[in-house]
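Asker: Coordinates for the following, if possible.
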Amino acid sequence: MRTKFYIQPKLDLLVGKETARLEHVTVFNKPKGSGVDELYGNLGQDLVARFKSFTLDFSRMIFSLGPPL
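Answerer: Purely as a prediction, here's the structure:
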């Protein structure tokens, strides 16, 4: 299977009061048809690994990041 996509060289992402720079972000130009297209993307270890800590508070539905490394 082949899929056309673009690479965003750098992306500064503001999460709360902290900023993380992601590099080489993959951007698809069409829906993938995988049932998760409505999520508008995924954040993973490439974001979280840039911080000393992170918190997922499910009772208040809050995601927060600690100080950057």
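
Asker: so what's the residue nearest to residue 53 when sequence neighbours are not counted up against?
Answerer: Distances taken as CB to CB, 6 or more residues apart in numbering put residue 66 closest to residue 53, at 3.5 Å, once the chain neighbours are dropped. Glycine gets a C-beta too; all of them are placed from N, C-alpha and C. Listed by CB atoms under 8 Å, 6 or more residues apart in numbering, the contact set of residue 66 reads 18, 51-55.

Asker: can you do 7 Å?
Answerer: For residue 66, the contacting residues are 51-54, by CB atoms under 7 Å, 6 or more residues apart in numbering.

Asker: Turn the residues you listed into TSV, columns for pLDDT.
Answerer: Output for these, formatted as TSV (pLDDT from 0 to 100):
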residue	pLDDT
51	87
52	90
53	89
54	87
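
Asker: Now do the residue nearest the centre of the chain against residue 66, distance only.
Answerer: Per CA atoms, centre = their mean, the C-alpha nearest to the average position across the chain is that of residue 43, at 2.7 Å. According to CB to CB, to the nearest Å, residue 43 stands 15 Å off from residue 66.
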